[in-house]
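K.L.:
Take a look and give me a structure for this.
(chains A, B and C)
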Amino acid sequence: MSHLELDDMLGKGWRKPAFVKNSMLRWTLIGGFVAYLIAAFMTIEVNWSRVYEGLDRGWAFVLAFTSPDFISRWSDIWSGLLESIVMTVASSVVGILISIPIGLGAARNIAPLPVYVICRGIVAISRALQEIIVAILLVAIFGFGPLAGFLTLSFATIGFLSKLLAEDIEAMDKVQAEAIKASGARWMQWINYGVQPQVMPRLVGLSMYRIDINFRESAILGLVGAGGIGATLNTAFDRYEYDTAAAILILIIGIVMVLEYLSGIIRARVQ
Amino acid sequence: MPVLEHEDAQIWRRRTTGQSLVRWFGWLLGVAVFVYCWQIISASTTWFFVWDAPRIANDIWTRATPPKWDYITQLGRPIWDTLNIATLGTIIALFLAVPVAFLAARNTTPSALFIRPIALLIIVSTRSINSLIWALLLIAIIGPGVFAGVIAIAIRSIGFCAKLLYEAIEEIDHTQVEAITATGASRWQIMAYGIVPQILPAFAGIAVFRWDINIRESTVLGLVGAGGIGLQLSASLNVLAWPQVSLILIVILAAVMISEWVSAKVRGAII
Amino acid sequence: MLRLQKLTKTYKTGDQALKAIDLDVPKGQVLALIGPSGAGKSTLIRCINRLVEPTSGEVLLEDVNLVKLGSGALRKARREMGMIFQEYALVERLTVMENVLSGRLGYVGFWRSFLRRYPQSDVDEAFRLLDRVGLLHMADKRADELSGGQRQRVGICRALIQNPKLLLVDEPTASLDPKTSRQIMRLITELCLERGLAAIINIHDVALAQMFVPRVVGLRFGEIVYDGLPTGLTPDKLTEIYGEEDWEATIEKVDEDEEIEAAE
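P.N.:
I've put the predicted structure just below:
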């Protein structure tokens, strides 16, 4: 901006400089966005009479939360919940164990290039495919049941943890690792003394976070037949048993809250 | 880090005997839990199918390749619906998340005793439940279709966005707020001048980040009937039209990658 | 013009930050408030515009007791008191012009301020003030692009555009280098003189205070232990305010500095 004299500026209005400087581009962006919104709204077909009818059911569902029914389908809920927890635990353990070597391999500063490419490839595939789609394919291959769910969650855990672990290793303090290397340590010793102490707290924190996610995901895998509480929930919705559905949702929310609380404590302790 | 006296020699150990025992017991317990979980999974698995899995996987692969490319002409509308579910859902969620975040942040909540816990409860409950479950619920209430998908995505995103946003609000620089207060500004003016400019970058980042996640989630909402490309996936799976399934999976993968690329670009431009 | 009577602040932790302070500031007088960290300097000026609520006592601004005001009347009273902060406290992601104009927030309605449509007279005044502090060409820069000294100038403009009767200045030089500190102190005192403003300046740098202000108030443990001319600050008095230390060097340094300044 050129230097302006005070006298030139007095009496002139002042506008806040626009975020996008080019006014053509700015109006094109705004216009395009508005046009998109209108088009999007126009193409959503809402059956308003159906929605209106649904309000009663919606209200019934809200009311169901005040009187959730844990009792009448307790055996179904319990077996579903147990299966979800079992899948969560097993897949988290296996996922974490496998993601550590893959995470090491996906860190450019400690892995040779061929290993790096392979590990990054695994991470990319695992992250691009959503749990539910993987579950569908695995159910088709392995049949219905918690094994498909267990494999799905393990696979998803690998993508999630390996990527974050690798990023963490790449961002670590080089000097500490070099000091260990300088002492003549072998590769395994170097990882154990130079790398592990630096990334361990974050690994623990991320693992706890992933356990939390795995439990939440295990609640939907049942929708496609991969075991867990989702199947019970789906049945409850199909039969319009809102009080049972509310009970299941309350249990899920409660367990997630407990897990978050625990992971908070554990993360605070390791850091 | 104890040093033991043993036959006049000092022996260094990392842990005392008691600590080692506790650790070993912990590991033992962990392994026992894992074995127990594995047994439950194994008990409800039909192992015959699992041994047969390679053959089935091979079979599916031969059926699914090559993808039925000309089927893509029928996917235009579902892709458009998927985009709308994600975008409109995100926009609605942001509108609702902003007030919730202000009510939940310690430094802006009107009442830490009554209103903050309610806001936190909204955040936890909407966040803990997967969008597929929300979709299931909304379909039971207002019927299947794109609209249910939009609302499901919106509800699921409220908690996520509000949580990140209220953390950003709690981290703002308080002296800037003080300075605006000292000019005699009203409550709303303090908000607009002292707080909003400080959280705007975080807000934009959260919006784009969540939009990216919502694109992923909206691709599978159709599995339970909430519109979008998942409907086609579900229909093709039901009739075992594997060439169509493989094409849809490719489309979903492409959509996920494009949205991730867009969100990374936009976030880069903001920060 | 400003009178504090038995102003007391006790924090929830039980710390007594201010113990029944009595202070009179006549119209147009600039005074420096010195004292060690934790003496209650910041609390004192924040109690005046009630950024911190005083526990008891009275703050009379032209015979209006600020302590008793409701929130609407308090906002009106705050317009009369411009405040300048230690770390500038500019809203960093807004432009210089927006920061200056934010000083008018107490005068304009919400929508006007939200849409940035300030009255032309305010805009002109903002331009004049920015010109006065030599930052007119920076008007559309974002505040976080400015250097420390420039930011503090913008902070001063924001306080002055309120058209205040009194300036409350909290450690204006604490984050600045010595040369910029002097420039800022000179600017503040000059502007107060031009506009006939009273000012209370919190400052921990005794030498700087002695250089620029006609009256110094020393605070220790929430009590006034000195009130008088800057020349009356003898080593004994400084010891009383700050505790034991060799003060000769500090006072001598002032003289030297003044000579250097005169030579420049």
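K.L.:
Near chain A, which residues of the stretch 101-250 of chain B are found?
P.N.:
Counting by Cβ under 8 Å from any Cβ of the partner chain, the residues of the stretch 101-250 of chain B close to chain A are B:124-125, B:127-130, B:132-133, B:136-137, B:139-143, B:145-147, B:150, B:216-217, B:219-220, B:223-224, B:233, B:237, B:249. From N, CA and C alone the C-beta is placed, and that goes for glycine too.
K.L.:
Which ones among the residues you listed lie within strands?
P.N.:
Using DSSP state E, no member of those falls within strands.
K.L.:
Of those residues, grab the buried ones for ChimeraX.
P.N.:
The ChimeraX selection below is limited to those of those classed as buried (16 or more other Cβ atoms under 10 Å in any protein chain shown):
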select /B:124,125,127,128,129,130,132,133,136,137,139,140,141,142,143,145,146,147,150,216,217,219,220,223,224,233,237,249
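K.L.:
buried stuff in the helix or strand harbouring B:Leu120?
P.N.:
In the assignment (DSSP states H and E), B:Leu120 maps to helix B:115-128. Going by neighbour count (16+ other Cβ under 10 Å), the buried part of helix B:115-128 is B:116, B:119-120, B:122-128.
K.L.:
Now tabulate those residues in CSV and tack on distance to C:Trp111 and pLDDT.
P.N.:
Formatted as CSV, these follow (distance: Cβ to Cβ, whole Å; pLDDT from 0 to 100):
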residue, distance to C:Trp111, pLDDT
B:Arg116, 29, 91
B:Ala119, 27, 92
B:Leu120, 32, 91
B:Ile122, 29, 91
B:Ile123, 30, 91
B:Val124, 35, 88
B:Ser125, 35, 86
B:Thr126, 32, 89
B:Arg127, 34, 87
B:Ser128, 39, 84
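K.L.:
ok, how many other residues are close to B:Pro67?
P.N.:
Neighbours of B:Pro67 under the rule other Cβ atoms under 10 Å in any protein chain shown: 18.
K.L.:
center of the chain - which residue?
P.N.:
Unless you meant another one, I'm taking chain A. A:Ile213 (5.8 Å; Cα atoms, centre = their mean).
K.L.:
Can you look at chain B instead?
P.N.:
For chain B, the residue nearest the mean C-alpha position is B:Ile213 (6.5 Å; Cα atoms, centre = their mean).
K.L.:
For B:Ile206, see how far away it is.
P.N.:
From B:Ile213 across to B:Ile206, the span is 11 Å (Cβ to Cβ, to the nearest Å).
K.L.:
pLDDT weak spots in the chain?
P.N.:
Picking chain A for this. Within chain A, the stretches with pLDDT under 70 are A:1-4, A:271.
K.L.:
other chain: chain C
P.N.:
Filtered on pLDDT under 70, chain C yields the residue ranges C:245-264.
K.L.:
one more time with 80, if that's ok
P.N.:
Along chain C, the parts satisfying pLDDT under 80 run over C:14, C:38, C:243-264.
K.L.:
for whichever residue of it sits closest to chain A, what are its contacts?
P.N.:
The nearest approach of chain C to chain A comes at C:Asp131, 4.2 Å away (Cβ to the nearest Cβ). C:Asp131 makes contacts with A:Leu6, as judged by Cβ atoms under 8 Å, 6 or more residues apart in numbering or on different chains.
K.L.:
For it, pull up the helix or strand it's in.
P.N.:
Using DSSP H and E, C:Asp131 falls in helix C:120-132.
K.L.:
and that helix, which residues are buried?
P.N.:
C:122-132.
K.L.:
Please determine how far the closest residue to chain C within the stretch 51-200 of chain B is located from A:Phe237.
P.N.:
Proximity of the stretch 51-200 of chain B to chain C (Cβ to the nearest Cβ) peaks at B:Gly184, 2.7 Å away. Using Cβ to Cβ, B:Gly184 is found at 55 Å from A:Phe237.
K.L.:
Need the three-state assignment for the residue of the stretch 151-271 of chain A found nearest chain B.
P.N.:
In the stretch 151-271 of chain A, the residue that lies nearest chain B is A:Val256 (3.9 Å; Cβ to the nearest Cβ). Recorded secondary structure, A:Val256: helix (DSSP: H, G, I helix; E, B strand; the rest coil).
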